[in-house]
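Participant: Generate coordinates for the sequence data below:
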Amino acid sequence: MTTAGNPSSESPDRTALSPMTPLPPQDGAGRPRILRVAGPLVQITCPPTVAMHDLVMLGNARLPGEVVAIHGDTATVEAYEYTGGLAPGHPAEPQGRPLSVRLAPDLLGGVFDGLLRPLASIGDLLTAGGPTTGEPDRRTWAFTPRVAEGVAVTAGDVLGEIGEGVPLRLLAPPDLSGEVTWVAAAGDRPTSTVLAVVGGQEVRMEQSWPVRRPRPVARRLPAEVPLNTGQRAVDLLFPVTRGSTVAVPGGFGTGKTMLLQQIAKWCDADVIVYVGCGERGNEMADVIEDLEELTDPRSGGRLTERTVTIANTSNMPMMAREASVHTGATVAEYFRDMGLDVVLIADSTSRWAEALREFASRMGQLPAEEGYPAGLASQLAAFYERAASVRTLGGATGSVTVIGAVSPPGGDRTEPVTAHTERFVRCLWSLDRDLAYARHYPAVSWSQSFSRDAGTLAAVHARAGDAEWAERRGRVARQLAEADRLADLVELVGITALPPRERISVLAGRLLREAAIQQNALSPADAYSAPEKTAALVEAVLTIVDRCLELVDSGIPPDAIEAVDFTPLLRARETARPTETAPIAAARDTLLARLKEAA
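Facilitator: Sure thing, here's the model as predicted:
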């Protein structure tokens, strides 16, 4: 299963022990034994060869676990399965290698648990006893060689192309270089077949890689290419670049999962890695079913054909959540190294942090804020650090964009997970409870969100010929903020007590919210909004607002303007298809004519 020459096939660096270190107590066969079981925490006798993060198989059922602490002749193991039935004296088998996962093209379209083991069916997500696993997908894949025998290659060079649709590539492993002494002919091959021999080492489609070790790259690049999500509230006000990081905090019922599902469906990434970390099983089943039914706008096939789903739901073993986000990052980096743009969605990192807190408590670690371990901030930073736009070892450009949902208890954004996450991300899409309860989707708060990528993208749009992008975004943000400020005054004194221009500002805020920012995820015409449609809607609203201001400045009473029927403009977002702008221009012209009559 392991690709020859891959770094994961070698033993990790060990800290040398003194030759006088006594061997721990073992059974008659010389095998380590379990000393203590406390939920997911298992203590075992520790031979000198065991290192941190080594994989250990526990008991006769060979339950997987990972070494997280070593104290003298005792090692503490974090078990990734239910430990019922384990008892002191049962065998423990250190594997001499870190926790690793199998990486191969057949991950696309699959559903896996937190350790990247295939789930037998979607129904596994709903079983109270947890998942059952099936066999890995053993499809054959079309292979086309791209090197000839006798050619010298280095790490990351393309050896061949795999399959159709998503442009997958067979690469030289990260630590392997040398002469190609043999390469397979074109044809359909299973992932376990040797496809090339480089420097005496065999290379296969499938390989193994440690989940906690970031895959190497030539260098990190500035993130300057926009990631179009198809969601106007995001693309217009809080845009994100490929290779950036996003946090989506929001309380219960504010629409986090819905927004992340929409991004998974419509963003212009090559591959989607969706990690359901501690979420409800029925929600994950809905996500998978939706992806299977949705047509990919790029290829015309099923969207699942370029999606990897990692489902570690709330009814599955808790500590597998801790591994699931690292597993997702490893899968994302695997496809990134092929020169692809990948979006990694983690829903939610709060459930991941809860698993960290649970295990830290069992280990007796000194708790920090709200019982979370003191290393919570560093672990969050390490996870988001794996997002990047990079130059791969083979010279291609790829990216991993990380979008993590945060579920603060009671919507308290000062709690540790939310507060620390905001420090490390480039964009924050904060979901507002009041907007959600008012059925405003997506409920992204324009007052509590930010995008540190906006300045970079303004220059990118200017170079692409849209010099007005920054001004348009800035004006929308200012108009929405002004409307929010005036809303409190309206509640106190009424709309008629405001000066004419401020009454138009209140109207402008409503038009922007309902005609441009709001979006219907269930409408075929409005679930996705192309950049040209988004720009057309915003320009139409701003043109109408400018005309209203001109009229009140000329002495037209605000009552006459507020009495105009703005329905054509409000309905334009649903009458125009995702890439259409003509119906929006027609609605704008209709409103301008009505305003002229009102004057």
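
Participant: what about the residue most central in space within the chain, is that helix, strand or coil?
Facilitator: Nearest residue to the geometric centre of the chain (C-alpha atoms, centre = their mean): residue 345, 1.8 Å. Classification of residue 345 by DSSP: H, G, I helix; E, B strand; the rest coil places it in strand.

Participant: what pLDDT does it get?
Facilitator: What the model reports for residue 345 is a pLDDT of 96.

Participant: before we move on, what about residue 443?
Facilitator: Residue 443 is assigned 95 on the pLDDT scale.

Participant: One more: residue 272?
Facilitator: 95.

Participant: What is the burial count for it?
Facilitator: 23 (other C-beta atoms under 10 Å). Any C-beta I mention is one placed from the backbone N, CA and C, and that applies to glycine too.

Participant: re earlier: tell me the spacing between the residue nearest to the centre of the chain and residue 245.
Facilitator: Distance, residue 345 to residue 245, by C-beta to C-beta, to the nearest Å: 12 Å.

Participant: now do residue 325
Facilitator: 13 Å.

Participant: Break this protein down into its domains, please.
Facilitator: 7-98, 219-450, 469-598 (automatic domain parsing).

Participant: Show the end-to-end separation of the second one, please.
Facilitator: This means domain 219-450. Criterion C-alpha to C-alpha, to the nearest Å; first-to-last residue distance in domain 219-450 is 27 Å.

Participant: just to revisit the earlier point, my read: the residue nearest to the centre of the chain touches residue 267, true?
Facilitator: No - here residue 345 lies out of contact with residue 267, judged by C-beta atoms under 8 Å, at a distance of 9.4 Å.

Participant: Report the mean confidence score over the stretch of helix or strand residue 507 belongs to.
Facilitator: Assessed by DSSP states H and E, residue 507 sits inside helix 500-511. Averaging pLDDT along helix 500-511 gives 96.

Participant: May I have it exported as CSV, CA atoms only?
Facilitator: Taking Å, rounded to 0.1, in the frame of the first residue of the first chain, the C-alpha atoms of helix 500-511 are listed here in CSV:
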residue,chain,number,x,y,z
PRO,A,500,-35.1,63.3,3.6
ARG,A,501,-31.6,62.1,2.8
GLU,A,502,-31.5,59.8,5.9
ARG,A,503,-34.9,58.4,4.9
ILE,A,504,-33.4,57.5,1.6
SER,A,505,-30.4,55.9,3.4
VAL,A,506,-32.9,53.7,5.3
LEU,A,507,-34.5,52.7,2.0
ALA,A,508,-31.1,52.1,0.4
GLY,A,509,-30.2,49.7,3.2
ARG,A,510,-33.4,47.7,2.7
LEU,A,511,-32.8,47.5,-1.1
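
Participant: pLDDT weak spots in this protein?
Facilitator: Applying pLDDT under 70 to the chain flags residues 1-30, 120-138, 298.

Participant: who does the lengthiest helix in it touch, helix- and strand-wise?
Facilitator: For the chain, the longest helix by residue count, based on DSSP state H, is helix 469-493. Helix 469-493 is packed against helix 454-463, helix 500-511, helix 531-553, with contacts defined by 3 or more C-beta pairs under 8 Å, 6 or more residues apart in numbering; DSSP states H and E.

Participant: Which secondary structure elements does the first one sit against?
Facilitator: Helix 454-463 is packed against helix 469-493, with contacts defined by 3+ C-beta pairs under 8 Å, 6+ apart.

Participant: picking that back up, any common contacting residues for residue 345 and residue 245?
Facilitator: Common contacts of residue 345 and residue 245, defined by C-beta atoms under 8 Å, 6 or more residues apart in numbering, comprise 403-404.

Participant: Quick one: residues contacting the residue nearest to the centre of the chain.
Facilitator: For residue 345, the contact set (C-beta under 8 Å, 6+ apart) comprises 260, 263-264, 272-275, 403-405.

Participant: One more pass at 7 Å, please.
Facilitator: Neighbouring residues of residue 345 by C-beta atoms under 7 Å, 6 or more residues apart in numbering: 260, 263-264, 272, 274-275, 403.

Participant: Quick check: residue 83 vs residue 519, distance?
Facilitator: Distance of residue 83 to residue 519, computed by C-beta to C-beta: 45 Å.

Participant: Show me which positions of stretch 239-246 end up buried.
Facilitator: Across stretch 239-246, burial judged by 16 or more other C-beta atoms under 10 Å covers 239-246.

Participant: What about the nearest residue to residue 318 once chain neighbours are set aside, how many residues nearby?
Facilitator: Closest residue to residue 318 apart from its sequence neighbours, by C-beta to C-beta, 6 or more residues apart in numbering: residue 355 at 5.1 Å. Counted with other C-beta under 10 Å, the neighbours of residue 355 add up to 24.

Participant: same thing with the one 4 residues further on?
Facilitator: For residue 359, the number of neighbouring residues by other C-beta under 10 Å comes to 21.

Participant: That one: which element?
Facilitator: Applying DSSP H and E, one finds residue 359 within helix 349-363.

Participant: in that helix, what counts as buried?
Facilitator: Buried residues in helix 349-363, counted by 16+ other C-beta under 10 Å: 349-360.

Participant: what angle separates the following helix or strand past it from helix 349-363?
Facilitator: As assigned by DSSP H and E, the chain's next helix or strand after helix 349-363 is helix 376-384. Put simply, helix 376-384 runs at 130 degrees to helix 349-363, going by axes from the mean of the first three to the mean of the last three C-alpha atoms, to 10 degrees.

Participant: Only the buried residues of helix 376-384, if you could.
Facilitator: Residues 376-377, 379-380, 383-384 are the ones in helix 376-384 that count as buried (16+ other C-beta under 10 Å).

Participant: Run through who's touching it.
Facilitator: 245, 325, 329, 353, 356, 368, 402, 416, 420-421, 424-425.

Participant: again, only using 6 Å
Facilitator: Outside of helix 376-384, the residues within contact range by C-beta atoms under 6 Å, 6 or more residues apart in numbering are 245, 325, 402, 420-421, 424.

Participant: Cross-check the contact I'm expecting between residue 347 and residue 260.
Facilitator: Yes - counting by C-beta atoms under 6 Å, residue 260 is a contact partner of residue 347 at 5.4 Å.
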